[in-house]
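K.L.:
Next input, structure requested:
(chains A and B, ligands or ions: 2)
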Amino acid sequence: MSKRTLPRLLQTPAVLLLLVWMLVPLGMTLYFSFIRYVLNSLRRPEWTTPSLSNWRGFGNYEFVLKSKDFILAIQNSLLIVCSILFLTVILGVLIAVLINRAFPGRGFVRVLLISPFFVMPAVNAVLWINMILDPVLGLQGIAVGGINDLVDGLRNAPLIGWFFSLWPELEPISFRATQTSALAVIIMVTWQWTPFAILIFMTSLQSEDQQQKEAAVLDGASAWSQFRFLTLPHLGRPIAIVVMIQAIFHLSLYAEIEIVSRGNGNKNLPYLIGEFANNNIGAASATGIFAVILANIVAIFLLRMIGKTLME
Amino acid sequence: MGRISLENVTKTFGTVEVIPPLNLTIEDGEFAVFVGPSGCGKSTLLRLIAGLEETTSGRILIDDQDMTEVPPSKRGLAMVFQSYALYPHMTVRKNIAFPMRMAGIDEAEQEKRINAAAAALNLTDYLERKPGQLSGGQRQRVAIGRAIVRDPSAFLFDEPLSNLDAALRVGMRIEISEMHNRMATTMIYVTHDQVEAMTMADKIVVLQAGVIEQVGSPLDLYHRPRNKFVAGFIGSPTMNFITGEEATKRGADTIGIRPEHTEVSTTEGMWKGTVGVAEHLGSDTFIHVHDTGLAETFTVRISGDIAVRHGDTVYLTPQPDQIHKFGADGLRIE
Ligand SMILES: Nc1ncnc2c1ncn2[C@@H]1O[C@H](COP(=O)(O)OP(=O)(O)OP(=O)(O)O)[C@@H](O)[C@H]1O
Ligand SMILES: [Mg+2]
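P.N.:
Residues are numbered from 1 along each chain as shown, chains lettered A, B, ... in the order given. Ligands and ions are numbered 1, 2, ... in the order given. Down below sits the predicted model:
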């Protein structure tokens, strides 16, 4: 036995396990995506058991591509993921920089800031859609109502009344509606995941070299220049990590979409898979393969972009 | 121009007074070195001058202008840090360009100054590298380059060579001295290495616990230390202090004799002792002598070699005109 054989042999079980772990689900998805396979069919009972004799070729893919929700699901997947990434990274960097300075009660503020991350996604969605975003009973409805009442009162005031009478009555936004349900999901997930970004960025900021900052101060760098030329490049890697991890998580959002609008006007690929999987496993599997492809494209694209802009 | 004066400057951190009221003037073009034991406030003093720390009270004048409240970037000073403090994501070129970029100097001028600095510091081949790809000495030169291009009225160095190995340190020491001769700009240099202090300084400022013990030229400090602290701090190996009968005989509380001002003989002399350790350096020999009845060990330094070994008996004779006398208050007696 050569020197290399033994270590290889010892590694084999782990490698095999990982391969099986990855390849079996992927293989089954691929297999199902090329056959006719439904859970329930009175007309064609033979389709209810997976078998090669039900081979459909790219039929499932065609079916998915032509289904009316597919383009919407792709668009929405991208819209939701990109918006959340954009917002969490910006908010995360801003808040992390803000609370990186010493101030009284900093420890407490940090705990508060991290806490949204420990709320379950479904609970988070229920809280936001019912208690905050609801146009009548939620904070939004109350706030809009309050502003309207205030403006109403000021309309009759002397001198400035004419100015306020020009103001329109504000309408609360219904976030369960077709046009806005994706927005609601973006808001609530951003709220939940910004703490994750803050946590990672804060850790990284603590390791920033203070003498570099002092050197920059002496070199005449303003606070903005220090942020732009020292802090942001320093955060390049953590930003890449936050973006990658979040992209993986948010491409598979489900609970929020289900709770906000039951997919009404707002579907992403996982939600579409869920809908197909009510009966048509073949189409669901084909959608799954599309999701895998989309995830890879997104990952490559994001990594390139971050690498270019931040690492100079 | 770069005349720096401190008037009654104090600094307290919380309740700890690190710098008690301190007055000091550094003339234009002077190479001033701050030395002192660790924690005596050298860095703090330098940072006060740079403006990185706020003074608790007192005034800092640069060219007779009150700079106490002026932000660091407007003081016209450049600082070189012990850790180099290079910007790790920028190339050497961008590092050196950074202060000029912040000052809004046009590209052509930037380019000219970068090339001049790079040529002077042997950095031309490394301009496109990142700091992480440079050796310690090269990084140090980049940090100096970044300071030079600003054309400051004074340079501040905080132990710039202490992260370098011994050979490189000697080389950089000479480079910085040459740079000072060439540019004739005021330089303030913090170190706890007294060889650096002695060889580079026009003026040495010896600090202890934030208090200036003595200000003077290197040889001034060597020949006429104002008190016991300075006498013990300047010179290597350190001065031998003798108390008791030998001191009172000479009208002092303590007398100090430098190792190099003692003659050694194997046959006759004023004081008798046994050799503890003899360190043969070739050019010099340091002999640590015990059992003299004067002090625990008495160190002598003779040039050249002498054939003595551990346990041998030797006789020591101080050069009579090189005995420093100190009173009970630690101050020098003439
Ligand atoms: N930010 C600070 N807060 C509280 N105390 C400080 C601070 N900075 C320095 N000190 C104290 O001030 C004293 C002088 O520190 P300083 O860094 O000036 O010493 P130093 O002479 O440069 O020493 P070294 O040779 O070790 O660098 C030390 O006792 C240190 O503990
Ligand atoms: Mg220091």
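K.L.:
Can stretch B:193-207 be said to contact ligand 1?
P.N.:
No: between stretch B:193-207 and ligand 1, judged by C-beta under 6 Å from any ligand atom, nothing touches; the nearest distance is 7.1 Å. Bear in mind the C-beta positions are built from the backbone N, C-alpha and C, glycine included.
K.L.:
can you give me the mean pLDDT across that stretch?
P.N.:
In this model, stretch B:193-207 has an average pLDDT of 92.
K.L.:
How far off centre is the strand or helix carrying residue B:187?
P.N.:
Assigned by DSSP states H and E, residue B:187 belongs to strand B:186-190. Distance of strand B:186-190 from its chain centroid, counting by C-alpha atoms, centre = their mean, to the nearest Å, is 9 Å.
K.L.:
Alpha carbons only: can I get that strand in PDB?
P.N.:
In PDB, the C-alpha atoms belonging to strand B:186-190 read as follows (Å, rounded to 0.1, in the frame of the first residue of the first chain):
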ATOM      1  CA  THR B 186      12.300  69.000  11.800                       C
ATOM      2  CA  MET B 187      12.000  65.500  12.900                       C
ATOM      3  CA  ILE B 188      10.800  64.100  16.200                       C
ATOM      4  CA  TYR B 189      11.700  60.500  16.800                       C
ATOM      5  CA  VAL B 190      10.500  58.300  19.600                       C
END
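K.L.:
list the helices and strands whatever helix or strand comes next after that strand packs on?
P.N.:
Beyond strand B:186-190 in the direction of the C-terminus, DSSP H and E gives the next helix or strand as helix B:194-200. Of the remaining helices and strands, those touching helix B:194-200 by 3 or more C-beta pairs under 8 Å, 6 or more residues apart in numbering or on different chains; DSSP states H and E are strand B:31-35, helix B:166-183, helix B:218-223.
K.L.:
what's in contact with helix B:194-200?
P.N.:
Residues outside helix B:194-200 that contact it (C-beta atoms under 8 Å, 6 or more residues apart in numbering or on different chains) are B:31, B:33, B:35, B:161, B:169, B:173, B:176-177, B:180, B:189, B:191, B:204, B:218, B:222, B:233-236.
K.L.:
circling back: quick one: strands adjacent to the strand holding residue B:187?
P.N.:
Partners of strand B:186-190 in the sheet, by DSSP bridges, are strand B:31-35 (parallel), strand B:154-158 (parallel).
K.L.:
a markdown table please, covering these and showing mean neighbour count, mean pLDDT and distance to ligand 1.
P.N.:
Listed next are these as a markdown table, based on neighbours: other C-beta atoms under 10 Å in any protein chain shown; pLDDT from 0 to 100; distance: least, C-beta to the nearest ligand atom, whole Å:
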| stretch | mean neighbour count | mean pLDDT | distance to ligand 1 |
| --- | --- | --- | --- |
| strand B:31-35 | 24 | 95 | 8 |
| strand B:154-158 | 25 | 94 | 7 |
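K.L.:
so what's residue A:290 up against?
P.N.:
Contact criterion C-beta under 8 Å, 6+ apart gives A:61, A:64, A:70, A:74, A:269 as the residues in contact with residue A:290.
K.L.:
from the residues you listed, which would you call buried?
P.N.:
Listed as buried from the contacts of residue A:290 are A:61, A:64, A:70, A:74, A:269; burial here means 16 or more other C-beta atoms under 10 Å in any protein chain shown.
K.L.:
The closest residue to the second one other than its chain neighbours is in what secondary structure piece?
P.N.:
Right, residue A:64. In space, not counting the residues next to it along the chain, residue A:64 is nearest to residue A:286; the distance is 4.8 Å by C-beta to C-beta, 6 or more residues apart in numbering or on different chains. Using DSSP H and E, residue A:286 maps to helix A:281-310.
K.L.:
cool, residue A:221 as well?
P.N.:
Using DSSP H and E, residue A:221 sits within no helix or strand.
K.L.:
For the closest residue to it other than its chain neighbours, give its distance to ligand 1.
P.N.:
On the basis of C-beta to C-beta, 6+ apart, the spatially nearest residue to residue A:221 that is not a chain neighbour turns out to be residue B:102, at 5.1 Å. In this structure, residue B:102 lies at 26 Å from ligand 1, with C-beta to the nearest ligand atom, to the nearest Å as the measure.
K.L.:
now do residue A:156
P.N.:
For residue A:156, the distance to ligand 1 under the criterion C-beta to the nearest ligand atom works out to 60 Å.
K.L.:
Residue A:164 versus that residue, what's the distance?
P.N.:
When distance is defined by C-beta to C-beta, to the nearest Å, residue A:156 is 9 Å away from residue A:164.
K.L.:
do the same with residue B:43
P.N.:
Distance, residue B:43 to residue A:164, by C-beta to C-beta: 61 Å.
K.L.:
higher neighbour count, those two?
P.N.:
It is residue B:43, of residue B:43 and residue A:164, that has more neighbours when counted by other C-beta atoms under 10 Å in any protein chain shown, with 19 against 15.
K.L.:
Backbone torsions only: list them for the more buried one.
P.N.:
Backbone torsions for residue B:43, taken as degrees, to the nearest 10, come to phi -60, psi -40.
K.L.:
Could you tell me which residues make contact with it?
P.N.:
Taking C-beta under 8 Å, 6+ apart as the criterion, residue B:43 is in contact with B:158-159, B:190.
K.L.:
Recalculate using a threshold of 7 Å.
P.N.:
Neighbour list for residue B:43: B:158, B:190 [criterion: C-beta atoms under 7 Å, 6 or more residues apart in numbering or on different chains].
K.L.:
burial count for the spatially closest residue to residue B:141 that is not a sequence neighbour?
P.N.:
Take residue B:141 and drop its neighbours on the chain: the residue closest to it by C-beta to C-beta, 6+ apart is residue B:121, 4.3 Å away. One way to gauge burial is a neighbour count; for residue B:121, by other C-beta under 10 Å, it gives 20.
K.L.:
can you give me the strands for the stretch 201-334 of chain B?
P.N.:
Ranges of strands within the stretch 201-334 of chain B are B:203-208, B:211-216, B:240-243, B:254-257, B:262-265, B:271-280, B:284-290, B:298-303, B:313-318, B:323-326, B:332-333, based on DSSP state E, counting those that start in this stretch.
K.L.:
do you know which of these lies nearest residue B:130?
P.N.:
The closest approach between residue B:130 and any of the strands of the stretch 201-334 of chain B, judged by C-beta to C-beta, belongs to strand B:203-208 at 36.8 Å.
K.L.:
Show me the contact partners of that closest one.
P.N.:
Contacts of strand B:203-208 (C-beta under 7 Å, 6+ apart): B:24, B:30, B:32-37, B:40-42, B:197, B:212-218, B:221, B:229-230, B:233.
K.L.:
From chain A, how far off is the residue lying closest to residue B:225 once chain neighbours are set aside?
P.N.:
With C-beta to C-beta, 6+ apart as the measure, residue B:231 is the residue that lies nearest to residue B:225, at 3.7 Å, once sequence neighbours are left out. Note on residue B:231: its distance to chain A, by C-beta to the nearest C-beta, to the nearest Å, is 35 Å.
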